[in-house]
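Participant: need a 3D model of the following:
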Amino acid sequence: MIRIVSLLVAIPVVIIVATFAYRNAQLVSIDLFTSRFDFPLAGILLITLFLGILTGFLLNVVVLLRQKNKIRQLNKQRQEMSSLSEVLKTDHNRL
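Facilitator: Reported below is the predicted structural model:
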């Protein structure tokens, strides 16, 4: 079932990307200070889209790793507080 849904999503995406590439096939001159080359506009746009997605993904990974580290710290503090609470309960019961 998932393969069918994936196929139903992938086919229109491939058609849209192919149409986009066909309609934007003109060459664009790219000047990188030391070198200059011509590349299709669709290729440049798709590469920059991919780089943007990759950048966003990497930034999200950094945020998720920080949150995971914070959760680990908070769990450690919770365990310390729990053990301290147990000690205080036993000391209170002795009195």
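
Participant: does the residue nearest in space to the middle of the chain sit in a helix or strand, and which one?
Facilitator: Centroid-nearest residue in the chain, with CA atoms, centre = their mean: F57, separated by 2.2 Å. Taking DSSP states H and E as the definition, F57 sits inside helix 41-94.

Participant: elements contacting that helix?
Facilitator: helix 2-23, strand 27-31 (3 or more CB pairs under 8 Å, 6 or more residues apart in numbering; DSSP states H and E). All C-beta spots, glycine's among them, are computed from the backbone N, C-alpha and C.

Participant: which of the ones you listed sits closest to E86?
Facilitator: The minimum distance between E86 and the helices and strands packed on helix 41-94 falls on helix 2-23, with 47.8 Å, by CB to CB.

Participant: which regions of this protein lie under the pLDDT threshold?
Facilitator: For the chain, applying pLDDT under 70 flags the ranges 91-95.

Participant: switch to 90 and redo it
Facilitator: 1-9, 13-14, 17, 20-22, 24-25, 30-34, 37, 42-46, 82-95 (pLDDT under 90).

Participant: next, D38: phi, psi?
Facilitator: Main-chain torsions, D38, degrees, to the nearest 10: phi -100, psi 140.

Participant: without its sequence neighbours, what residue ends up closest to it?
Facilitator: L27 (4.3 Å; CB to CB, 6 or more residues apart in numbering).

Participant: what about that neighbour, distance to V62?
Facilitator: Applying CB to CB, to the nearest Å, the value for L27 to V62 is 37 Å.

Participant: L74 now?
Facilitator: Separation of L74 from V62 (CB to CB): 19 Å.

Participant: also L49?
Facilitator: To V62, L49 is 21 Å away according to CB to CB.

Participant: same thing with L45?
Facilitator: For L45, the distance to V62 - CB to CB - is 26 Å.

Participant: neighbour-wise, which of these two wins?
Facilitator: Legend: neighbour count by other CB atoms under 10 Å for L45 and V62, higher for L45 (14 against 10).

Participant: that one touches R23, doesn't it?
Facilitator: No - the pair L45 / R23 is not scored as a contact, 11.2 Å apart, by CB atoms under 8 Å.
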